[in-house]
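Student: fold the following for me, if possible:
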Amino acid sequence: MNRLSQTGGTPVNCTPAAPRKPLRLASLLACGSILAGVPSLADAQSQTPPAAPAGQPASNPASAPAQRADTIRTITVVGAERLEPTTILSYIRLRVGQEYTAAAADEAIKDLGATELFANSSIRNDGGNVVITVTENPVINRIVLEGNKRIKNDKIVPEIKLAPRQIFTRSKVRADVARIIELYKRQGRFAAKVEPKLVQLPQNRVDIVFEITEGPKSKVRQINILGNEKFSDGELRGEMVTKQSRLTTFFSSNTSYDPDRLAFDQQKLRQFYLTEGYADFRVVSAVAELTPDQRDFIITYVVEEGERYTFGEVKVDSQLRDFDSEVMSTQLPMKEGDFYNAKTVEDTVEQLTELAGRFGYAFADVQPRFKRDPETRKMNVTFTLREAPRVYVERVDINGNTLTQDKVVRREFRLAEGDAFNSLAVQRTNARINSLAYFQENFEVKQVEGSAPDRIILEANVEEKPTGELQFSAGFSSIEQFILAGSIRQRNFRGRGQTIGLSVNYSQFSRSAQVSFSDPYIFDRNISGGVDIYRRDFNSFNFTGNDRNTTFQQATTGFSLRAGVPLTEYMALIGSYTLNYDDVSLDESLFFSDLNGDGTLECDPLRAGRFLCDSIGERLSSIVGLSLSYNSLNSRVRPSRGKTISLSGEFAGLGGDVRYVRFRGRAQQFWNVGNSGFIFSILAEGGTIIPLQERAGAGVDDVLLTDRFFLGEPQFRGFAIRGVGPRILTQQSILDGFNRPVLDASGNPTYDTVRQNNRDDAIGGRNYYLGRAELEIPLGSGARELGLRPSIWADVGALWSVETPVLTVNPGGNQQRNTDGQLQYSTGACSALGPVTTSATQADGTPNCRLIVGGTNLRELFVGDSPSPRITAGIGVNWNSPFGPFRIDFAQTIRKVEGDDERRFTFNVGTQF
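Tutor: Here you go, the predicted model:
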């Protein structure tokens with residue numbers, strides 16, 4: 001066998017048949033254990049055959065065998081490329097000088113195979129010269145996944161243990177295939193197949209390709225329950241997380257088979273029966289069978305219900321100094337004779353533990369002891385409150401914050417060093433720190449034992465996350481048409497908990513820019529403050545049919561200052577001051593005319609309406625506000641429980657040109673309905689504005705149009721933007737083929753009453769109320785990951801109270817209102833209709849009763865001024881889409897008032913809702 005010496009590349013013959021000449025030390029080391037058992041030169045000389053006795057011929061050494069035929073003389077390795085022969089020989093137990101047997105050769109083959117380094121190996125014995133032939137496994141060049149669509153590479157690659165530059169082995173490939181299939185099984189795809197393929201490359205390298213056939217998702221076709229008598233199959237299936245695959249569960253992800261979910265459903269069944277009093281209930285077996293087509297599963301449960309128990313003696317055994325056992329026993333929610341309910345017992349343990357925490361017993365141990373009486377079927381329960389020392393906070397540690405200052409986290413703690421431990425205060429601390437949104441989700445304060453048994457250390461181990469936001473979005477809504485918005489905001493400016501931001505919004509009918517700054521703790525005091533500086537340009541509009549027309553432009557420049565102080569843990573008082581400069585204008589080319597004939601353009605009530613003419617001009621508003629707010633929501637982003645209440649008042653008149661008092665109130669409550677994921681909420685809000693000045697002119701409201709309330713989409717679903725409340729409808733007369741008004745039997749023009757053909761001007765109101773009830777419906781995990789949240793809802797509200805406007809169609813005053821608000825021709829000033837004309841007066845100076853604009857007579861109707869409730873109901877879906885938040889609603893109007901503008905379908909993309 002040839003071996004490269006350590007001193008060079010010269011082959012060294014390590015066989016004992018080589019000429020006996022001195023070998024260098026390096027050569028001897030190179031031969032290593034291969035020479036083990038080979039006789040030395042001295043041994044060879046000592047084993048020289050003795051001389052033949054006299055008279056006998058000497059034996060021929062060449063004719064006598066030097067060694068036995070089954071003795072290994074040499075071992076040679078053939079086929080090694082990357083591995084050294086000595087390394088290969090170290091894996092087997094064959095040595096020179098040993099006897100060669102078939103069993104020893106088989107054992108050597110097994111040893112080589114166990115290394116998983118060789119694709120093939122064989123041993124050949126040629127008269128004591130053993131030749132080992134090996135074929136090394138290739139080196140992996142790369143690993144490729146093909147055919148996977150439902151599960152992406154980043155989910156599969158961690159399951160593969162093979163990696164580039166490793167030695168390829170079949171066992172590792174088989175193991176990786178099994179892991180990939182198991183991953184698909186966890187996703188409910190039991191028909192998935194994985195076929196590994198090798199692509200041969202030069203230099204004994206290979207690419208491994210896993211060809212994946214994902215197959216359909218294995219559904220639960222049927223759930224069978226055997227042994228149940230007290231409850232139907234449908235009731236028990238309703239308690240399970242796993243659902244049968246039906247059309248009604250199309251959006252649910254719980255229709256796929258999952259072994260872990262199967263075990264969880266057994267627990268759910270046991271919990272259900274325990275809450276109904278069946279303390280002996282057990283699941284005998286749960287079997288999931290794959291259908292012959294390998295597509296679906298049939299699950300069968302066998303259960304034993306047992307007997308139903310009632311509560312026997314229920315009491316509290318308190319070993320705590322501050323708790324009286326007899327008094328607490330009378331306050332327990334369960335009474336003797338009630339059906340046994342394990343959930344009530346668990347809730348009672350939590351309540352007693354929480355109560356002990358309020359009194360400073362941080363490690364109070366509440367244990368229920370059960371004594372079952374099978375004969376009377378009664379369950380006696382004793383709640384034991386074990387003695388525990390009162391614990392005090394030794395210190396508060398903040399760890400992990402690199403940007404955020406310690407004080408920002410520490411000021412959210414509801415406990416300080418030296419305070420008696422209170423579990424409720426710790427829970428509130430968790431909620432407040434999570435609400436900052438500076439750190440990881442589901443943050444919790446860690447409780448660590450202190451230096452003494454009555455000491456505890458509170459640790460806030462935070463993991464900071466980015467708090468800067470740079471957003472740019474584009475969208476489309478049924479209200480704003482095309483929308484462009486950009487903003488930059490830092491919610492934890494310089495690690496001080498301050499917020500600074502800049503935002504710009506642009507659409508066809510509104511433009512705004514705002515710079516804002518807020519600090520929840522000004523000068524490290526428990527006082528919040530903020531300032532906003534803004535410019536807002538808004539184009540009001542009306543509708544003529546489906547066409548949106550700009551009526552007036554309002555440009556507002558101003559700033560707002562605010563400061564707040566907390567009154568309690570959940571209540572705060574906030575004061576504000578706002579200074580606005582408003583410029584309201586109309587398009588002179590559309591709404592102005594030379595009314596006096598002197599060349600001076602004035603707002604033409606015939607074109608714009610008197611209510612718009614009364615609104616134009618420049619004004620300064622100085623507003624002082626005060627609000628009281630209460631907030632106990634568990635989340636600011638998507639609350640599921642808690643309430644928020646706010647009452648606010650504003651006074652405009654501390655200087656400026658307008659004077660009024662405005663009051664608003666709003667309350668909202670959220671409930672998590674059971675543990676099913678349903679979230680129910682109700683909302684009620686309202687407002688009123690009281691003018692403190694009088695404006696001259698008949699039919700002129702003392703509250704400016706721009707200061708009034710408006711109601712409609714998106715606050716009031718089911719109605720168009722500003723679709724509820726007082727409004728003026730301008731109708732056109734119907735013309736004949738000669739462009740003349742068609743007259744009725746009384747000689748008066750007939751008018752087009754189709755809503756889409758009328759001009760619709762909402763003029764707002766002084767008072768409004770709005771109510772809402774909504775139930776959010778949970779979907780499967782797949783839909784939740786997409787951000788889909790459907791809901792059913794009902795809205796009720798109204799907007800009313802505005803001075804009845806003087807409806808003027810022509811300056812001659814030839815029309816008056818009927819009691820229903822409609823205009824008619826007067827019978828006094830106009831004894832005859834006269835010719836159709838666009839002039840206010842005839843040649844002799846008499847007023848024209850057939851005044852037209854653009855060849856058409858006009859009529860104005862004042863409608864919608866009523867506090868009567870409008871009611872709508874419908875379904876909607878919120879979607880956190882990649883393009884921004886998306887809201888779609890389908891509404892049905894249940895009750896409305898004449899003049900209200902309905903809207904069955906609405907959607908918004910790219911704006912908040």
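
Student: so residue 726 sits right up against residue 760, yeah?
Tutor: No: contact criterion CB atoms under 8 Å: residue 726 and residue 760 do not qualify, at 11.7 Å. To be clear about C-beta, it is placed using only N, CA and C from the backbone, and glycine gets the same treatment.

Student: Validate this expectation: residue 444 resides in a helix.
Tutor: No: assigned with DSSP: H, G, I helix; E, B strand; the rest coil, residue 444 falls outside any helix and is coil.

Student: rewinding a little: between residue 726 and residue 760, which one's more packed in?
Tutor: residue 726 (27 against 22; other CB atoms under 10 Å).

Student: and the more buried one, what does it touch?
Tutor: For residue 726, the contact set (CB atoms under 8 Å, 6 or more residues apart in numbering) comprises 762-765, 799-800, 802, 862-865.

Student: go with 10 Å
Tutor: 611, 701, 708, 710, 761-766, 799-805, 862-866, 899 (CB atoms under 10 Å, 6 or more residues apart in numbering).

Student: and for residue 172?
Tutor: Applying CB under 10 Å, 6+ apart, the residues contacting residue 172 are 116, 140, 160-163, 166, 208.

Student: sort those by pLDDT and name the bottom one.
Tutor: Among the contacts of residue 172, residue 116 carries the lowest pLDDT, at 84.

Student: mind checking the SS state of that residue?
Tutor: Residue 116 is classified as coil under three-state DSSP.

Student: am I right that it is in contact with residue 167?
Tutor: Yes: contact criterion CB atoms under 10 Å: residue 116 and residue 167 qualify, at 7.4 Å.

Student: which of the two has more residues huddled nearby?
Tutor: Neighbour comparison, residue 116 and residue 167: the larger count goes to residue 167, with 17 against 14 (by other CB under 10 Å).

Student: correct me, but the more buried one touches residue 137?
Tutor: Yes: with contact defined as CB under 10 Å, residue 167 reaches residue 137; the gap is 5.2 Å.

Student: any residues in contact with both of these two?
Tutor: 82, 115-118.

Student: sorry, back to before: quickly list what's touching both of residue 116 and residue 167.
Tutor: By CB under 10 Å, 6+ apart, the residues touching both residue 116 and residue 167 are residue 137.

Student: list the buried residues for the biggest strand by length in the chain?
Tutor: Longest strand in the chain, counting residues (DSSP state E): strand 547-566. In terms of neighbour count (16 or more other CB atoms under 10 Å), strand 547-566 has its buried residues at 551-556, 558, 560, 562-564.

Student: gap between that strand and the chain center?
Tutor: When C-alpha coordinates are averaged (CA atoms, centre = their mean, to the nearest Å), strand 547-566 and its chain have centres 32 Å apart.

Student: let me know the next secondary structure element after that strand.
Tutor: Remark: after strand 547-566, the chain's next helix or strand is strand 571-586, criterion DSSP states H and E.

Student: got the angle for that following strand vs strand 547-566?
Tutor: Angle, strand 571-586 to strand 547-566, by axes from the mean of the first three to the mean of the last three CA atoms, to 10 degrees: 150 degrees.

Student: so for the next helix or strand after strand 571-586, what gets flagged as buried?
Tutor: Next helix or strand after strand 571-586 toward the C-terminus (DSSP H and E): helix 588-591. By neighbour count on 16+ other CB under 10 Å, the buried set for helix 588-591 is residue 591.

Student: what packs against helix 588-591?
Tutor: strand 547-566, strand 602-603, helix 605-608 (3 or more CB pairs under 10 Å, 6 or more residues apart in numbering; DSSP states H and E).

Student: nearest to residue 692, out of the ones you listed?
Tutor: strand 547-566 (20.2 Å; CB to CB).

Student: partner strands of the closest one, parallel or antiparallel?
Tutor: Each strand paired with strand 547-566, and its direction, by DSSP bridges: strand 528-544 (antiparallel), strand 571-586 (antiparallel).

Student: looking at those strands, which is nearest to residue 431?
Tutor: So among those, strand 571-586 is nearest, using CB to CB, at 15.4 Å.

Student: for that closest one, buried residues please.
Tutor: In strand 571-586, counting by 16+ other CB under 10 Å, buried: 572, 574, 576, 578-580, 582, 584, 586.

Student: once you drop chain neighbours, what's closest to residue 442?
Tutor: Of all residues not flanking residue 442 in the chain, residue 434 sits nearest, at 7.3 Å (CB to CB, 6 or more residues apart in numbering).

Student: secondary structure class for that neighbour?
Tutor: Put simply, residue 434 is helix when judged by three-state DSSP.

Student: residue contacts, residue 310?
Tutor: 277, 334-340, 376-379.

Student: give me the beta-bridge partners of it?
Tutor: What pairs with residue 310, by the bridge criterion (DSSP bridges), is residue 339, residue 378.

Student: mind checking pLDDT for it?
Tutor: For residue 310, pLDDT reads 93.

Student: same thing with residue 594?
Tutor: You'll see residue 594 listed with a pLDDT of 73.

Student: next one: residue 457
Tutor: Value listed for residue 457 in the pLDDT field: 91.

Student: kindly report the same for residue 51.
Tutor: Looking at residue 51, its pLDDT is 42.

Student: same check, this time on residue 201
Tutor: 91.

Student: shaky segments in the stretch 501-650 of the chain?
Tutor: 508-509, 540-551, 595, 606, 609-610, 637 (pLDDT under 70).

Student: rerun that using 90 as the cut-off
Tutor: Where the stretch 501-650 of the chain drops to pLDDT under 90, the residues are 503-512, 523-526, 536-555, 568-570, 582-619, 632-642.

Student: just to revisit the earlier point, quick one: which of the contacts of residue 310 is nearest to residue 189?
Tutor: Using CB to CB, the contacts of residue 310 come closest to residue 189 at residue 277, 40.4 Å.

Student: three-state assignment of that closest one?
Tutor: Criterion first, three-state DSSP; result for residue 277: coil.

Student: and the pLDDT at residue 44?
Tutor: pLDDT, residue 44: 34.

Student: how about residue 675?
Tutor: 63.

Student: quick one, strands of the stretch 201-350 of the chain?
Tutor: Under the criterion DSSP state E, counting those that start in this stretch, the stretch 201-350 of the chain contains strands at 205-213, 219-226, 282-290, 296-304, 310-318.

Student: same check, this time on the stretch 51-200 of the chain
Tutor: Under DSSP E, counting those that start in this stretch, the stretch 51-200 of the chain gives strands at 74-78, 118-126, 129-136, 139-146, 193-201.

Student: columns distance to residue 416 and mean neighbour count on top of these, output as JSON lines?
Tutor: As requested, those are exported to JSON lines (distance: least, CB to CB, whole Å; neighbours: other CB atoms under 10 Å):
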{"stretch": "strand 74-78", "distance to residue 416": "76", "mean neighbour count": "19"}
{"stretch": "strand 118-126", "distance to residue 416": "69", "mean neighbour count": "16"}
{"stretch": "strand 129-136", "distance to residue 416": "69", "mean neighbour count": "18"}
{"stretch": "strand 139-146", "distance to residue 416": "55", "mean neighbour count": "16"}
{"stretch": "strand 193-201", "distance to residue 416": "58", "mean neighbour count": "14"}
